[in-house]
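Novice: structure of the sequence below:
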Amino acid sequence: MTPLIGLLTIVVAAIAIIGLFVGLERWLRQPGLAFLLAAVALVFGAGLGLSDGKRLLPVLFLLQVPGFAYFAHLRRTAARTGRAGAGEA
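Specialist: This next block holds a predicted model:
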């Protein structure tokens, strides 16, 4: 497999998985779930890559995990604040 086909496979798989996570978040009505699941998927993918002997892509995956976890927390906090403010009005 050429490197370009491998990169295209990764991009298409990422788009499909993120779409699945966003759909699951909306269906379960859990704000931030998509970001949290994406962070877990990145850790899993990094573990697979590191076990295969690769270093660059898994390290990039691991560097993105704190950002995804932060945005999951931010969305959850924003949803709680929005519901609390709506209840007072």
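Novice: in the chain, which residue is most central in space?
Specialist: Nearest to the mean C-alpha position of the chain, counting by Cα atoms, centre = their mean, stands Ala38 at 1.8 Å.
Novice: can you give me the neighbour number for Leu42?
Specialist: Neighbour count of Leu42, defined by other Cβ atoms under 10 Å: 21. Where you see a C-beta, it was placed from the backbone N, CA and C, and this is true even at glycine.
Novice: what residues are up against the nearest residue to it once chain neighbours are set aside?
Specialist: In space, and not counting its chain neighbours, Leu42 is closest to Phe61: 4.4 Å by Cβ to Cβ, 6 or more residues apart in numbering. Counting by Cβ atoms under 8 Å, 6 or more residues apart in numbering, Phe61 makes contact with 42-43, 45-46, 49.
Novice: the longest helix along the chain - what's its average pLDDT?
Specialist: Counting by DSSP state H, the longest helix found in the chain is helix 56-88. The average pLDDT within helix 56-88 is 88.
Novice: any idea how far it is from the chain center?
Specialist: 10 Å (Cα atoms, centre = their mean, to the nearest Å).
Novice: sorry, back to before: what residues are up against the residue nearest to the centre of the chain?
Specialist: 17-18, 21, 68.
Novice: ok, and for the helix or strand hosting it, which residues are buried?
Specialist: Assigned by DSSP states H and E, Ala38 belongs to helix 33-51. Neighbour counts using 16 or more other Cβ atoms under 10 Å place 33-39, 41-43, 45-46, 49 of helix 33-51 among the buried residues.
Novice: what does stretch 65-73 give?
Specialist: Buried, per 16+ other Cβ under 10 Å, within stretch 65-73: 65, 68-69, 71-72.
Novice: output that stretch as PDB, nothing but the C-alphas.
Specialist: The C-alpha coordinates for stretch 65-73 follow below in PDB (Å, rounded to 0.1, in the frame of the first residue of the first chain):
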ATOM      1  CA  VAL A  65      -5.600  13.900  24.000                       C
ATOM      2  CA  PRO A  66      -5.500  16.800  26.600                       C
ATOM      3  CA  GLY A  67      -7.200  19.200  24.200                       C
ATOM      4  CA  PHE A  68     -10.000  16.700  23.500                       C
ATOM      5  CA  ALA A  69     -10.500  16.100  27.200                       C
ATOM      6  CA  TYR A  70     -10.500  19.800  27.900                       C
ATOM      7  CA  PHE A  71     -13.200  20.400  25.200                       C
ATOM      8  CA  ALA A  72     -15.300  17.500  26.600                       C
ATOM      9  CA  HIS A  73     -15.200  19.100  30.000                       C
END
